[in-house]
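Chemist: the sequence isn't on hand, but the structure is:
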């Protein structure tokens with residue numbers, strides 16, 4: 001369990017707060033707008049109304065006591081920048097800041113952000129991969145080169161085992177799980193036999209995954 005300070009309770013902030021709470025974390029939500037705070041109360045451990053660009057207010061939060069500080073402000077870049085800088089000035093150990101553009105990310109990093117998140121950009125890229133290819137059902141990007149993909153079993157693999165197809169050596173991908181009828185079966189063994197009605201959850205470089213997809 002982590003203690004999280006989440007500043008900015010718009011749609012992105014509320015979704016993040018809800019998931020953090022579901023994962024068992026303690027979340028203090030902050031927003032300058034009373035209505036947003038009230039709307040998010042069910043998703044938070046505690047909440048405060050306040051201006052996170054105000055030094056006295058930020059100091060009163062005791063930011064050094066939080067494991068994670070999230071700047072989820074999406075509609076005012078100047079406020080996001082000032083808030084990020086103040087959090088680091090007052091000892092926040094780790095600051096995750098939201099950015100909408102690359103130039104914003106550069107300034108946020110220069111002003112103390114430890115990590116940047118691009119919710120719109122990341123979702124757009126994921127959707128482009130998912131809906132731009134009939135043989136990719138989902139995609140989670142891990143780095144610029146490697147991602148986790150959900151793909152159908154290549155027709156030529158049906159009836160053969162992972163060992164027989166020599167998947168890791170020949171295709172340079174790792175099979176993390178198989179899925180059938182919405183049930184996930186993690187870490188299949190080498191003797192697992194591919195079935196036509198299952199999908200594969202794989203980790204790999206896109207060029208290698210693309211080669212597997214072309215087997216269909």
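Modeler: Received, thanks. The structure presented is a predicted model; accordingly, all values stated were derived computationally and were not measured.

Chemist: isn't residue 108 up against residue 97?
Modeler: Yes - assessed by Cβ atoms under 8 Å, residue 108 is found in contact with residue 97 at 4.6 Å. C-beta coordinates here come from the backbone N, C-alpha and C atoms, glycine included.

Chemist: what is in contact with those two at once?
Modeler: 71, 80, 84, 116 (Cβ atoms under 8 Å, 6 or more residues apart in numbering).

Chemist: in helices, which of the residues you listed appear?
Modeler: 80, 84 (DSSP state H).

Chemist: may I ask which of the shared contacts of residue 108 and residue 97 comes out lowest in pLDDT?
Modeler: Lowest pLDDT among those: residue 116, with 91.

Chemist: what's around that one, how many residues?
Modeler: 18 (other Cβ atoms under 10 Å).

Chemist: can you give me the neighbour number for residue 76?
Modeler: There are 13 residues near residue 76, going by other Cβ under 10 Å.

Chemist: from residue 178, how far out is it?
Modeler: Per Cβ to Cβ, to the nearest Å, residue 76 is found 46 Å from residue 178.

Chemist: who touches residue 3 in this structure?
Modeler: Per Cβ under 8 Å, 6+ apart, neighbours of residue 3: 25-26, 28, 65-68.

Chemist: please read the previous query as pertaining to residue 170.
Modeler: With Cβ under 8 Å, 6+ apart, residue 170 has no contacts at all.

Chemist: name the helix or strand of this protein that has the lowest mean pLDDT.
Modeler: helix 119-131 (a mean of 67; mean pLDDT, DSSP states H and E).

Chemist: can you give me how far the helix or strand following that one is from the chain middle?
Modeler: Using DSSP states H and E, the helix or strand that follows helix 119-131 in sequence is strand 138-141. From the chain centre to the centre of strand 138-141 is a distance of 10 Å (Cα atoms, centre = their mean, to the nearest Å).

Chemist: give me the sheet partners of strand 138-141 and which way each runs.
Modeler: strand 146-152 (antiparallel) (DSSP bridges).

Chemist: if we can go back for a sec, out of residue 108 and residue 97, which sits in the busier spot?
Modeler: Neighbours per residue (other Cβ under 10 Å) separate residue 108 from residue 97, with residue 97 holding more: 28 against 25.
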